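**Q** Give me a model of this one.
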Amino acid sequence: MTEFEGKTVLITGGGSGMGLATARRLVADGANVVLAGRDKDRLEAAAKDLDAGDRVLTVAADVSSTEDLDRLMAEIEQRFGRLHGVFANAGIALFGMSAQATEADFDHITGINFKGVYFTIQKALPLLGEGSSVVINGSWLAHRGLAFTSIYAATKAAVINLTRTLAPDLGSRGIRVNAVSPGYVVTDMFTAISSTEEAQEQCRSQVALGRLGSADDVADAAAFLLSSRSSYITGQELAVDGGLTTSVAL
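**A** This next block holds a predicted model:
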């Protein structure tokens, strides 16, 4: 029997990048996966990529909308009955200096990156039982200041703190809550921001292990925290950053 046989995991932002890589990892280990995201076409392409038939459910939903989240959970319950894990991965990046940030920018980023994470977890609680696991996607930027990331980094600091406070909140129900915090990971979001070879090399040069991360690196960490192998781990943040946050590359 594979590790996730008979278990169902919700992945928000599951249509690409780290979310899709995690879905591939879980499907290979026997899981049912629910992919949620705003882009219906991208979700359908992701389901085709996974090629797991009825073990994959896609639901177009905006995590900043509690109505969308209610509909998402209703569809999950109808198809699978319950959840065994949640990877609260959906997030957006809109970078710029603080003097240029608008209220609309602030509301959009916090609505998805913080409000969306909070209410994804809250709305999933009726479907989560003893032994379930929640994993939140954080970021190394919660720990090091980078001038043009003020709103984005603040949302990531918020969800890492949320990890610590939800752990005792939900621990009495046997639900574990942990976070993964990626460093420089090559995804569509990363390449959109660091679009030149020079920019990517500048990022790589800061990493102690001497390479940029892959979505699969994060997927392996998320899968570990979602699995029973981490059954006595909660309230923790696992940096998946090649040493970027705590080490100095030479």
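
**Q** low-confidence ranges in the protein?
**A** By pLDDT under 70, the weakly predicted segments of the chain are 1.

**Q** in it, which helix has the most residues?
**A** Counting by DSSP state H, the longest helix found in the chain is helix 150-171.

**Q** roughly how far out does the helix or strand just after it sit from the chain middle?
**A** Under the assignment DSSP states H and E, the closest C-terminal helix or strand after helix 150-171 is strand 176-182. From the chain centre to the centre of strand 176-182 is a distance of 8 Å (C-alpha atoms, centre = their mean, to the nearest Å).

**Q** Strand 176-182 - contacts with which helices or strands?
**A** Other elements packing on strand 176-182 under the criterion 3 or more C-beta pairs under 8 Å, 6 or more residues apart in numbering; DSSP states H and E are strand 128-137, helix 150-171, helix 215-226, strand 237-240. From N, CA and C alone the C-beta is placed, and that goes for glycine too.

**Q** of these, which approaches N178 most closely?
**A** The closest of the helices and strands packed on strand 176-182 to N178 is helix 215-226. By C-beta to C-beta, the value is 4.6 Å.

**Q** Pull the contacting residues for R55.
**A** Contact analysis of R55 by C-beta atoms under 8 Å, 6 or more residues apart in numbering lists 27, 31-33.

**Q** quick check, nearest of those residues to A158?
**A** For those, the nearest to A158 is V33 (26.3 Å; C-beta to C-beta).

**Q** Now do the helices in this protein.
**A** Ranges of helices within the chain are 17-28, 40-50, 66-80, 103-110, 116-124, 150-171, 188-193, 197-204, 215-226, based on DSSP H.

**Q** Packed most tightly, which of those helices would that be?
**A** helix 17-28 (a mean of 24; mean count of other C-beta atoms under 10 Å).
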